[in-house]
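Student: Structure of the sequence below:
(4 chains)
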Number of protein chains: 4
Amino acid sequence: MYPFRLASRDYHPADSVISVGDVLIGGGHRVYIAGPCSVENPNQIERIGRAVQGSAHILRGGAYKPRTSPYSFQGLAEEGLKMLQAAGQLLGMPTVTEVVSTEDVELVASYVDMLQIGARNMQNFALLRKVGAQSKPVLLKRGMAATIEEVLLSAEYIMAEGNSQVVLCERGIRTFETYTRNTLDISAIPVLHRLTHLPVIVDPSHASGKWNLVEPLAMAAIACGADGLMIEVHDEPDRAWSDGEQSLKPERYRELIRSVRRLVDCIEGE
Amino acid sequence: MYPFRLASRDYHPADSVISVGDVLIGGGHRVYIAGPCSVENPNQIERIGRAVQGSAHILRGGAYKPRTSPYSFQGLAEEGLKMLQAAGQLLGMPTVTEVVSTEDVELVASYVDMLQIGARNMQNFALLRKVGAQSKPVLLKRGMAATIEEVLLSAEYIMAEGNSQVVLCERGIRTFETYTRNTLDISAIPVLHRLTHLPVIVDPSHASGKWNLVEPLAMAAIACGADGLMIEVHDEPDRAWSDGEQSLKPERYRELIRSVRRLVDCIEGE
Amino acid sequence: MYPFRLASRDYHPADSVISVGDVLIGGGHRVYIAGPCSVENPNQIERIGRAVQGSAHILRGGAYKPRTSPYSFQGLAEEGLKMLQAAGQLLGMPTVTEVVSTEDVELVASYVDMLQIGARNMQNFALLRKVGAQSKPVLLKRGMAATIEEVLLSAEYIMAEGNSQVVLCERGIRTFETYTRNTLDISAIPVLHRLTHLPVIVDPSHASGKWNLVEPLAMAAIACGADGLMIEVHDEPDRAWSDGEQSLKPERYRELIRSVRRLVDCIEGE
Amino acid sequence: MYPFRLASRDYHPADSVISVGDVLIGGGHRVYIAGPCSVENPNQIERIGRAVQGSAHILRGGAYKPRTSPYSFQGLAEEGLKMLQAAGQLLGMPTVTEVVSTEDVELVASYVDMLQIGARNMQNFALLRKVGAQSKPVLLKRGMAATIEEVLLSAEYIMAEGNSQVVLCERGIRTFETYTRNTLDISAIPVLHRLTHLPVIVDPSHASGKWNLVEPLAMAAIACGADGLMIEVHDEPDRAWSDGEQSLKPERYRELIRSVRRLVDCIEGE
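Tutor: Just a heads-up that it's a prediction; the model follows:
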């Protein structure tokens, strides 16, 4: 018996389908989420949003950035949320952004369509409970050293508060290998699909830390059954305020999604 | 150059000495912290406190427990804080307990003498800032997958808010070895002593997860230069509400501290 | 600059194509290797060989098994080599088997078409030199805790002796995650393709340790650019002398290769 | 039940005492092994041997070096063995050196008093069997990613061939932490002492990779119950042919052993 219940396949045998605005995730619905690491200004988020519009269902952009150093850029906070909301409304795209503190949950939820819990907060149980007690869907990223069972128990924290709109995201674990920023645990996708009914997407940008590994990892994730991708896109990666080295340019991103869609057709054609 | 500043030896060459009530930590002052994993009732915490009184400077006891599962006992919250405070006052021992949410910081700080940030919250930056903005000393535990540099950057978050009363705690990292709950990174003690002026203590209970490994690890930590120990003690480990299998009985704890003190005399006699 | 030379893309920009009998590997030629973990008797290896014949290019089967315990079955040695050779000749399939000792290299090379260096021997430099000094192609598996750079330096050991017929094999690394036997480092495929001209195949059987994860990992590997797959197949997994729980039955293996071939067509159709 | 037998405490409850020449290891006998990483010339090994003579029981020096790169210095081979033997005889010190190939076992055993199996060969089972089939004592180093159970199964390979003169050596495991070359798993000492009757020594030089961490780690190891230390010493670390950055100068080594001996007196005085 597994120590999680609401999140388990036993409890809910069919795939869950999560709605973010009018976008569906899971149960055969694949989602592509794209956007810059950080929202930098109204023009930037709108410009990048427009550039990925046909190739992404949901627009991402960080307003509260959990940075390792207190001296790094920490995000534009509420100003950033407003810019993200405006871009999403203009382009007709639902939005997702990270929330890093219990105190910000209501505010963030008032601006965006999906709340992200980042890897560093995967076991911030107070925050999990808080996002579980509101109604916006939650994107829960796996922690750097979290086992698969721990990811599911963190999902359980959210669901136990009444919010079952949870999407899991594999984004790489910390290992001895230093060539990549993290090690994408590709096996987590089929393992999670066996253990839980919740959708599982993959973030190849954080997993690799290198833009030129994003495409092969995205293809692998989809071939392996992932329900979607979250990818960092920036039109001027060299000038990005954060994570430029792992961001794709919009044209590359669109090309990647074209390849991904052909791959999906091929797999579903079987 | 290191990316941390206030925490660095370069910035502050002498060892920092942190005061918790009238207990000093660092710069040659070794601290022994003991008590149960969880505060269970007024009698339990007072009884255990009394049993370790002469062998521990600070009394620990959890009131807010960050548990992997939402269905595990989560602590007695404010009731637990009151019991811990009462026992501390009765016995004349300062107290330390974990705080897990920004919203609880003020409340917790009003009851105890030192605030603990647990391993799972080491990169909960909102919480770090909050404990940095109040004046009680902070015990910062290393995260399970945190590098030494990341520990120091988390300390920097606290110090950058104005609170330089920070004690670091090595408690084991997550590795492939499964015989022990975690792998105590003993090298972190001398490495941290080179990089920072902050005191470094060790928690052999969480590092090993087994009561019969606590003594050898405690001796190793002190021989290696640790500024103190934090050890889980319970007089009925089999009935403890959490972590019983890694808790020492009071008589064993007192024996251990006698050995530790002989070791300190021996080392300082040099 | 990288510390390896002969193995590097700089030294040899085009993909190397390795020949094993009349089977080509690399430079667009994908190879499927299948067979039982251990050769058990003449009938078993012939029967399994026949069952995978149309779906595998190369027949594998262990005669020298590097087992963690001295009390586990260690392989049939030369008798096993004879059985493997006979099956390969009967079915017209080249063969591959592991060599575990410098003293066996000549003998093993006299029976099979490709020599495998297992994960535990990846840094057995005496063995690497020995297989480098003979002319049969070599399948070099990544060690459990080997970095990508170390894999390439081990290939360099073989090549520096004059044998440039080396195929690399990612088979999972050791991490904290215990749900899978190892963690398949899928990123290693595109990273290796950037750093080296040598072909890179994947062993999803050892990477996962579970037969029901073999298919999704195989698909991921191919989508990510792997030059082939090595998969354990047994017609009576419950009675296999070793690794039964990670072995596919022949019919499942054939189905998997059909899916893989459709995936290849789809990717190459682009 | 554990999968190892001859190595287990159940099979042999009392501590084993291993003899290397007239030096005893285990059961209260602590051994200090010192010398250069590589034997470089007759004068070097004699000079360093003389410098550590009163502070080390056994002289070490590598003649066959298992180097990650084929282009690094690989040791002086038989010439190095002769130099080590000569220095040992001159100074009246038993000697230990690494053997890396089955083919060299007899030759190496004819020159030195103890054979070392290095971390990279811990699961080179052919080599384990070969050193098990001869009579010189064996120093078995833990592999970089080997579990404690695997170390004991490798010891079992040696013992099952008839050689029960085995000393285990913890030398650090590979983890995500990059500040140190490896992570010394200090808990392995008490854990091994519970599981096996074989002596356990520690190599703080390889564990840390930094000469200035050798002393604190050595003290920790002894405080934790280690049966000895193996430490790299070089009188001109900057000019050492290998591992200079982790080698102590002789005067520092002698000082360290003085501290270690005071620590032993203190512990045994209890």
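
Student: Please count neighbours and contacts with C-alpha atoms only from this point.
Tutor: Noted.

Student: what about the strands in chain A?
Tutor: A:18-20, A:23-25, A:31-35, A:58-60, A:95-98, A:114-117, A:138-141, A:166-170, A:200-202, A:228-232 (DSSP state E).

Student: now the ones you listed in TSV, with distance to chain C and mean pLDDT?
Tutor: TSV is the format used below for those (distance: least, Cα to the nearest Cα, whole Å; pLDDT from 0 to 100):
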stretch	distance to chain C	mean pLDDT
strand A:18-20	23	98
strand A:23-25	20	98
strand A:31-35	18	98
strand A:58-60	24	98
strand A:95-98	26	98
strand A:114-117	21	98
strand A:138-141	16	98
strand A:166-170	13	98
strand A:200-202	13	98
strand A:228-232	14	98
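
Student: Chain D is nearest to which of these?
Tutor: Chain D sits nearest to strand A:166-170 of all the strands of chain A, at 18.6 Å, using Cα to the nearest Cα.

Student: and that closest one with chain B, contact?
Tutor: No: with Cα under 8 Å from any Cα of the partner chain as the criterion, chain B is not reached by strand A:166-170; the gap is at least 15.7 Å.

Student: which residues are contacting that strand?
Tutor: Contacting residues not belonging to strand A:166-170 are listed as A:18, A:25, A:137-142, A:155, A:158-159, A:184-185, A:188-189, A:198-203 [Cα atoms under 8 Å, 6 or more residues apart in numbering or on different chains].

Student: show me what contacts A:Glu79?
Tutor: Contacts of A:Glu79 by Cα under 8 Å, 6+ apart are A:Ala63.

Student: again with the one 4 residues further on
Tutor: Taking Cα under 8 Å, 6+ apart as the criterion, A:Met83 is in contact with A:Val39, A:Asn41, A:Pro42, A:Ile45.

Student: Would you mind confirming that the last one makes contact with A:Ala34?
Tutor: No: in this structure A:Ile45 lies outside contact range of A:Ala34 using Cα atoms under 8 Å: 10.9 Å.

Student: Who does the closest residue to A:Ser19 other than its chain neighbours form a beta bridge with?
Tutor: With Cα to Cα, 6 or more residues apart in numbering or on different chains as the criterion, A:Ser19 has its nearest non-adjacent residue at 6.4 Å, and that residue is A:Ile25. Note on A:Ile25: beta-bridge partners by DSSP bridges are A:Ile18.

Student: got the residue ranges for the helices in the stretch 1-150 of chain A?
Tutor: Secondary structure of the stretch 1-150 of chain A (DSSP state H, counting those that start in this stretch): helices at A:42-52, A:78-91, A:105-111, A:125-132, A:148-160.

Student: Generate JSON lines for those, with mean pLDDT and distance to B:Arg254 as supplementary columns.
Tutor: Output for these, formatted as JSON lines (pLDDT from 0 to 100; distance: least, Cα to Cα, whole Å):
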{"stretch": "helix A:42-52", "mean pLDDT": "98", "distance to B:Arg254": "61"}
{"stretch": "helix A:78-91", "mean pLDDT": "98", "distance to B:Arg254": "53"}
{"stretch": "helix A:105-111", "mean pLDDT": "98", "distance to B:Arg254": "46"}
{"stretch": "helix A:125-132", "mean pLDDT": "97", "distance to B:Arg254": "34"}
{"stretch": "helix A:148-160", "mean pLDDT": "98", "distance to B:Arg254": "35"}
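
Student: Among the ones you listed, which comes closest to B:Arg9?
Tutor: helix A:125-132 (34.0 Å; Cα to Cα).

Student: quick one, what contacts A:Gln116?
Tutor: Contacts of A:Gln116 by Cα under 8 Å, 6+ apart are A:Val96, A:Thr97, A:Glu98, A:Val99, A:Val138, A:Leu139, A:Leu140, A:Lys141.

Student: one more time with 7 Å
Tutor: Listed by Cα atoms under 7 Å, 6 or more residues apart in numbering or on different chains, the contact set of A:Gln116 reads A:Val96, A:Thr97, A:Glu98, A:Val99, A:Val138, A:Leu139, A:Leu140.

Student: what's the neighbour count on the fourth one?
Tutor: What that stands for is A:Val99. Look at A:Val99: counted by other Cα atoms under 10 Å in any protein chain shown, it has 27 neighbours.

Student: Retrieve the pLDDT associated with it.
Tutor: The model reports A:Val99 with a pLDDT of 98.

Student: Quick check, it in contact with A:Ile117.
Tutor: Yes: using Cα atoms under 7 Å, A:Val99 makes contact with A:Ile117 at a distance of 6.2 Å.

Student: if I pick the nearest residue to A:Met159 once chain neighbours are set aside, what's in contact with it?
Tutor: Once flanking residues are discounted, A:Met159 sits nearest to A:Gly132: 6.1 Å by Cα to Cα, 6+ apart. A:Gly132 is in contact with A:Ile158, A:Met159, A:Glu161, A:Gly162, A:Asn163, counting by Cα under 7 Å, 6+ apart.
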